[in-house]
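K.L.:
Predicted model and sequence follow; I will ask about them next.
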Amino acid sequence: MRFDVLTLFPEIFSGFVSQSLLKLAIQGGLVDVRLHNIRDWAEGKHQHVDDRPFGGGPGMVLMPKPVVECVEAVQAAAETPGRLIMLTPQGKRLTQPKVEELAQQPRLLLLCGRYEGFDERIKQILQPEELSIGDYVLNGGETAAMVVIDSVIRLIPGVLGDEQSSIDDSFSTGNRLLEHEQYTRPREFRGLTVPDVLLSGNHSEIARWRNEQSRKRTQQRRADLLEPPTTE
Ligand code: ADE
């Protein structure tokens, strides 16, 4: 799967793409991440990408030309056009079903904003799908794009060592329960012990216990997940 990230700050991604699962997925040819600097499509000596909002107000707005031309050039650079996603707090909320849908795509373009937002004509011309990772405002879409990549790649076959671990995840389709608690060695730490059932070797008992713990946790912490899902 290919991700094209369009940003004013490609350097933000350097640590992200060179560590852990994503690094291995890239090395294994399962994932390809291409970074594009929107500023490369800006004009003039100063390569302005933003300007003050018409009508006044604080902050700066991303100008249409560099953003639109950057997207068009990136789309043209590969045979399969990517699904264009704009990261913005005004977008539809990213949920696990949406992540599952995105993981089916061969290519995603992730357009990251900065400042006070995008000139509206960018949206009129490019018709992106607008996504928000939550009801809070980030300084830019870059960290949101990392959230999209991180959540999507876990679902690409071969990226996780154990396929089952993404199927069991909280929020995945067919599972709206929080994960049960986990323990590893040692059996005792600072007087706290591992529940006996986990040491019993009885797999059906262990599965039953874990399921019960998941239900209890969900009831206590996120009772809303036990309601039938709403189609947002
Ligand atoms: N850019 C700024 N805030 C954001 C958010 N909550 N989600 C996605 N992109 C953003």
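P.N.:
Nice, thanks for sending it over. Numbers count the residues shown, from 1 in each chain.
K.L.:
from here on, contacts and neighbour counts on C-alpha atoms
P.N.:
Will do.
K.L.:
which stretches of this structure form strands?
P.N.:
Using DSSP state E, the strands of the chain run over 2-7, 32-37, 50-51, 61-62, 83-93, 107-112, 129-132, 188-189, 192-193.
K.L.:
most tightly surrounded among those?
P.N.:
Burial of those is given as mean neighbour count (mean count of other CA atoms under 10 Å); strand 107-112 ranks first at a mean of 24.
K.L.:
got a list of contacts for that strand?
P.N.:
1-8, 80-88, 102, 140-142, 145 (CA atoms under 8 Å, 6 or more residues apart in numbering).
K.L.:
ok, is that strand in contact with the ligand or not?
P.N.:
No: between strand 107-112 and the ligand, judged by CA under 6 Å from any ligand atom, nothing touches; the nearest distance is 7.3 Å.
K.L.:
which residues touch the most centrally placed residue in the chain?
P.N.:
When CA atoms, centre = their mean is applied to the chain, the residue found nearest the centroid is residue 148 (1.4 Å). By CA under 8 Å, 6+ apart, residue 148 lies in contact with residue 99.
K.L.:
just the one 4 residues further on next, same as before
P.N.:
Contact analysis of residue 152 by CA under 8 Å, 6+ apart lists 99, 100, 102, 103.
K.L.:
Going by contacts, tell me the helices and strands next to the lowest-mean-pLDDT helix or strand in the chain.
P.N.:
For the chain, using mean pLDDT, DSSP states H and E, the weakest element among its helices and strands is helix 164-167, scoring a mean of 71. Contact partners of helix 164-167 among helices and strands, from 3 or more CA pairs under 8 Å, 6 or more residues apart in numbering; DSSP states H and E: none.
K.L.:
residues of it that come out buried?
P.N.:
Within helix 164-167, the residues scored as buried using 16 or more other CA atoms under 10 Å are residue 166.
K.L.:
Now tabulate the contacts of residue 152 in TSV and tack on neighbour count and distance to residue 198.
P.N.:
TSV is the format used below for the contacts of residue 152 (neighbours: other CA atoms under 10 Å; distance: CA to CA, whole Å):
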residue	neighbour count	distance to residue 198
99	19	32
100	18	31
102	19	36
103	21	34
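K.L.:
Quickly note the distance from the closest residue to residue 52 other than its chain neighbours to residue 144.
P.N.:
In space, and not counting its chain neighbours, residue 52 is closest to residue 60: 4.8 Å by CA to CA, 6 or more residues apart in numbering. Distance of residue 60 to residue 144, given as CA to CA, to the nearest Å: 20 Å.
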